[in-house]
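J.: Fold the following and give me the result.
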Amino acid sequence: MNPGIYYDLPIEQYHGNSLSVSKSGLDDLALCPAMFYALHLDPDRPARSEKAGHLEGNLAHCALLEPEEFSKRYAVLPKDAPSRPTPAQWKAVNSNESSTAAKEWWTAWNKANGGARIITADQGHAARCQAHSMRSLTNVWGGLSMADMLARGKTEVSAYWNDPITGVLCRCRPDLVVPINARQVVLVDVKTYSEATSREFMRQVVRKRYFMQDSWYSEGYARASGMEVVGFVFVVVEDKWPFLAASYQLGDESRHEGALQHRDLLDTYAECMRTNVWPGYTKATETLDLPPYAITSQEIEISYVD
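T.: Prediction:
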């Protein structure tokens, strides 16, 4: 990929580009370079399995950001759908009436929804509720509601740029890019969690390094597009009823820490690529001690009796 902005790049092509590095790749590198190599570059690596909650997150994204695509990508089963026949039932010559009816139903269903991923009625309902909850946010950035930002913005925009220090090709894919004027944009990233409170989201910011995502996307999109990124907003929605949503921005100190960390990891990546040396967790056996909170006090209270 050449540096620049791509509006219609298929998600499979974006994730399949092993000659550029993304924020999620840097997260793997932060564990150790050997982990990055194993997951992204090793020619013998297995296909990556879908993580728990990944489908539900994709459903919420699609329902909010690309609602016209939802019915093309996903086929929602009716609640009264018969149980899907087992492989043995599909092959059976003399099957009973109920399994035959089920096979006929599923054959017709598959034909009518060819290519779409099958989801349950509950999953479809949850995605619609999540999208409605996020669209109802009234002040996401600068007085703009989520509905305003969706009307103005472009979804699933891919950005590629060369790091000016190492020359490494980098990439990011904001969920939503909202132009504010001819020279400025706001980036929006959608997250799904069990709890959308600020307290819980800050725990996720630390655990999943979202402070680095903010700086990576903001700096990278600016380099790729020539636009000024004036805001990066996380829109967070819960994955259970009543599917409450909230929006958050990180402060300057958090964003600065993200910039420092992604700079350090990018330098490490460039050096590993140059030398083709990908170190593991440790070079030698380490001696570890319990952290202070795990140590029981050894003080013994002595009482004196006359």
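J.: Going by C-alpha atoms from here, please, whenever you check contacts or count neighbours.
T.: Will do.
J.: count of neighbours near Lys191?
T.: Look at Lys191: counted by other CA atoms under 10 Å, it has 20 neighbours.
J.: Now do the host helix or strand of Leu55: which elements does it pack against?
T.: Per DSSP states H and E, Leu55 falls inside helix 54-65. Other helices and strands packing on helix 54-65, by 3 or more CA pairs under 8 Å, 6 or more residues apart in numbering; DSSP states H and E, are helix 67-73, helix 121-135, strand 184-193.
J.: May I see the buried residues of that helix?
T.: Buried residues in helix 54-65, counted by 16 or more other CA atoms under 10 Å: Glu56, Gly57, Leu59, Ala60, His61, Cys62, Ala63, Leu64, Leu65.
J.: same question, stretch 32-52
T.: For stretch 32-52, burial by neighbour count (16+ other CA under 10 Å) applies to Cys32, Pro33, Ala34, Met35, Phe36, Tyr37, Leu39, His40.
J.: Next: stretch 270-281.
T.: For stretch 270-281, using 16+ other CA under 10 Å, the buried residues are Ala270, Cys272, Trp278.
J.: what does stretch 185-194 give?
T.: The neighbour-count check on stretch 185-194 (16+ other CA under 10 Å) flags Val185, Val186, Leu187, Val188, Asp189, Val190, Lys191, Thr192, Tyr193 as buried.
J.: Confirm that Ile118 sits in a strand.
T.: Yes. Assessed with DSSP: H, G, I helix; E, B strand; the rest coil, Ile118 lies in a strand.
J.: quick one, phi/psi of the residue nearest to it when sequence neighbours are not counted?
T.: Once flanking residues are discounted, Ile118 sits nearest to Ala75: 4.7 Å by CA to CA, 6 or more residues apart in numbering. Ala75 adopts backbone torsions of phi -110, psi 120, taken as degrees, to the nearest 10.
J.: tell me the angle of the helix holding Leu55 relative to helix 121-135?
T.: If you take axes from the mean of the first three to the mean of the last three CA atoms, to 10 degrees, helix 54-65 sits at 50 degrees to helix 121-135.
J.: the inter-axis angle of helix 54-65 versus strand 184-193?
T.: 140 degrees.
J.: what does helix 54-65 rub up against?
T.: 69-70, 123-124, 126-128, 130-132, 134-135, 150, 155, 175-176, 190-192, 239 (CA atoms under 8 Å, 6 or more residues apart in numbering).
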